[in-house]
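*Asks:* Make a model of this:
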Amino acid sequence: GNLIVSNTVNGRDDTDNGILVRNSQRNVLTNNRVMRQLAAGIAVDGAASSNTIRGNVIFSNAEKGILLDGVGVDANRVVENTVRGPGQAIGITVYDGDRNIISNTSFVGHGGSGISLTNSASTNLLVGNRSESNGAYGLSIYGFAAAYGNRVISNRLADNGSFGIRQFGGTRNMYTNNLV
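*Replies:* Predicted structure coming up:
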């Protein structure tokens, strides 16, 4: 793996993703500042697994703060980050990824949801996060029957524009000890 540490990535609204990890394993992204990208601040896609995203400050990106995108984007850890708007549609999206851990991260002030699990995002663990003051939901699961077995434990999902938790489909997801 690679170490991506203490960088400032300022897209000035003219680039795609700030930091992209594609088809790569065991990378550590830490203490970076990523802002004003046209897509995601940090994107992980392809068969990128077992990566750690820790201690980053990500803000004012057009689409998402963090994107874990695609089948094979599994077993990644998103820990102790600050992800905030304004301007970002969603704080973090997990699209199809499995067994990812999102913990102790703040998702505040996005136009849409703070946290979104989409399509077949399954068996992910969300614990100790703060997702509040977002325009839509603190947490949304859009997965029909495919998003299953996600565990949402001890998160603050309050003071959002719509619901704290909104599940559109999905099965066997567990919500425990959350403040909504």
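*Asks:* lowest-confidence helix or strand of the chain?
*Replies:* strand 139-148 (a mean of 86; mean pLDDT, DSSP states H and E).
*Asks:* Keeping just the C-alphas, turn that one into PDB.
*Replies:* Output of strand 139-148 as PDB, limited to C-alpha atoms (Å, rounded to 0.1, in the frame of the first residue of the first chain):
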ATOM      1  CA  LEU A 139     -28.700   8.300   7.200                       C
ATOM      2  CA  SER A 140     -30.400   7.000   4.000                       C
ATOM      3  CA  ILE A 141     -30.300   3.400   2.800                       C
ATOM      4  CA  TYR A 142     -31.400   3.000  -0.800                       C
ATOM      5  CA  GLY A 143     -31.100  -0.600  -1.500                       C
ATOM      6  CA  PHE A 144     -34.300  -2.300  -2.200                       C
ATOM      7  CA  ALA A 145     -33.700  -5.900  -1.100                       C
ATOM      8  CA  ALA A 146     -30.000  -5.800  -1.800                       C
ATOM      9  CA  ALA A 147     -28.800  -3.600   1.000                       C
ATOM     10  CA  TYR A 148     -28.800  -6.000   3.900                       C
END
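*Asks:* Give me the helices and strands touching it, please.
*Replies:* strand 115-118, strand 165-171 (3 or more CB pairs under 8 Å, 6 or more residues apart in numbering; DSSP states H and E). Where you see a C-beta, it was placed from the backbone N, CA and C, and this is true even at glycine.
*Asks:* ok, that strand: who's next to it in the sheet?
*Replies:* Here strand 139-148 is paired, per DSSP bridges, with strand 115-118 (parallel), strand 165-171 (parallel).
*Asks:* Now name the helix or strand holding the closest residue to Ile58 other than its chain neighbours.
*Replies:* Excluding the flanking residues, the one nearest Ile58 by CB to CB, 6 or more residues apart in numbering is Gly41, at 3.8 Å. In this assignment (DSSP states H and E), Gly41 forms part of strand 40-45.
*Asks:* That strand: what's the following helix or strand?
*Replies:* strand 52-54.
*Asks:* Please work out which residues outside that next one touch it.
*Replies:* Strand 52-54 is contacted by residues 27-30, 42, 44, 66, 76-81 when judged by CB atoms under 8 Å, 6 or more residues apart in numbering.
*Asks:* Thanks a lot, catch you later.
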